[in-house]
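**Student:** Turn this into a structure:
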Amino acid sequence: MDTFIQIAINALALGSLYALLSLGFAVIYNTVRIFHVLHGAAFLVAGYSTYWFTKGEIFGYSPGFNIWVSAAIGIILAGVSGVVMEMLIYRQFRKKGAGFLVSFLGSLAALFFVEGLLITVAKTTHRMARPGGPLPTVNIQNESLGLDLYFTWHTINTILVVAVLVVAVTLFFKYTQWGRMIRAVASNPDLAVAVGINASHVYLLVFILGSTLAGVGGVMQTYETGITPIVGIHLAITAAGGVIIGGIGSLPGAVVGGLALGLAQTLAAYFLGGNWAEPAGFVLLLLVVLFRPYGLLGTREHRELRRLL
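**Tutor:** Coordinates of the predicted model:
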């Protein structure tokens, strides 16, 4: 009994992180229609900012900020990085009429540049130690129910924060004017522009929103396990995998896809060993692509990414 609950908690925590990243990826892809590999850079910006402003050095200066202040700075900088990505990279691609492949390769090159820059500044490819003190743990024991559970408060906080953000994003898209404008541009950009919607402003907004969501994930991951420069590409692919599993064009699908990846990796790690966690995620992705190519919550109309790949 306790083993099942422990696995469920761990899977939900990992899946929540993946769901957040996939949701941010989907917000951008559904609107701009680009395979946004640079999504991992926003995660890195937030994670390294949190570390450096808490316990690191920046050009010989150690800010030594409180972890909450550093986290807020990291999330804000992640949103700012979204502005930079849109205005300096993707907007230029659109102006020059770059196709899907060119945009993808440009995004990939930019991510490698960010990772290389972080390696140069950090002077290591190894994981930077997590900021803050020891994570407080919780031990729930109940002999009559056979429970003996161990987890950290950070695990519970991760699940709760992601749940709140998913609800907030859902309400934003459904009830706000900007949310309706984003949906209009995503559905038919030419018609949206014809009725007076500024598509450039909408694209900028979705990059800020998607990058901020990735930034929250970066802060949470850094606070729990630390951060490494080379994790960006891994998490960008994971986010894309969650979107494909859940269904292209479906924001709820992105959340479900991320949760499914977390569950698959947790089960594989427990029953087969930690080395099988990553392969299990790709096996799940392959099975979905083979047997339900439009995703778990997608429809037959949402096959664009599969055709492009």
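**Student:** Going by C-alpha atoms from here, please, whenever you check contacts or count neighbours.
**Tutor:** Will do.
**Student:** Checking Ile197 next. Helix, strand or coil?
**Tutor:** coil (DSSP: H, G, I helix; E, B strand; the rest coil).
**Student:** That one: how many residues sit nearby?
**Tutor:** Counted by other Cα atoms under 10 Å, the residues lying close to Ile197 total 17.
**Student:** what's the closest non-adjacent residue to it?
**Tutor:** Distances taken as Cα to Cα, 6 or more residues apart in numbering place Met181 nearest to Ile197, at 7.0 Å, with adjacent residues excluded.
**Student:** helix or strand for that neighbour, which one?
**Tutor:** Using DSSP states H and E, Met181 maps to helix 177-187.
**Student:** which parts of that helix are buried?
**Tutor:** For helix 177-187, the neighbour count (16 or more other Cα atoms under 10 Å) marks Trp178, Gly179, Met181, Ile182, Arg183, Ala184, Val185, Ala186 as buried.
**Student:** Equivalent analysis for stretch 214-225, please.
**Tutor:** Ala214, Gly215, Val216, Gly217, Gly218, Val219, Met220, Gln221, Thr222, Tyr223, Glu224.
**Student:** now these in a markdown table, with distance to Leu118, secondary structure and pLDDT?
**Tutor:** Converted to a markdown table, the buried residues of stretch 214-225 look like this (distance: Cα to Cα, whole Å; DSSP: H, G, I helix; E, B strand; the rest coil; pLDDT from 0 to 100):
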| residue | distance to Leu118 | secondary structure | pLDDT |
| --- | --- | --- | --- |
| Ala214 | 17 | helix | 95 |
| Gly215 | 16 | helix | 95 |
| Val216 | 19 | helix | 96 |
| Gly217 | 18 | helix | 94 |
| Gly218 | 14 | helix | 92 |
| Val219 | 16 | helix | 92 |
| Met220 | 19 | helix | 90 |
| Gln221 | 17 | helix | 88 |
| Thr222 | 15 | helix | 87 |
| Tyr223 | 18 | helix | 84 |
| Glu224 | 20 | helix | 81 |
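**Student:** Now distance to Ala46 too, for those, in JSON lines please.
**Tutor:** Shown next, in JSON lines, are these (distance: Cα to Cα, whole Å):
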{"residue": "Ala214", "distance to Ala46": "8"}
{"residue": "Gly215", "distance to Ala46": "5"}
{"residue": "Val216", "distance to Ala46": "7"}
{"residue": "Gly217", "distance to Ala46": "8"}
{"residue": "Gly218", "distance to Ala46": "5"}
{"residue": "Val219", "distance to Ala46": "6"}
{"residue": "Met220", "distance to Ala46": "9"}
{"residue": "Gln221", "distance to Ala46": "10"}
{"residue": "Thr222", "distance to Ala46": "9"}
{"residue": "Tyr223", "distance to Ala46": "11"}
{"residue": "Glu224", "distance to Ala46": "14"}
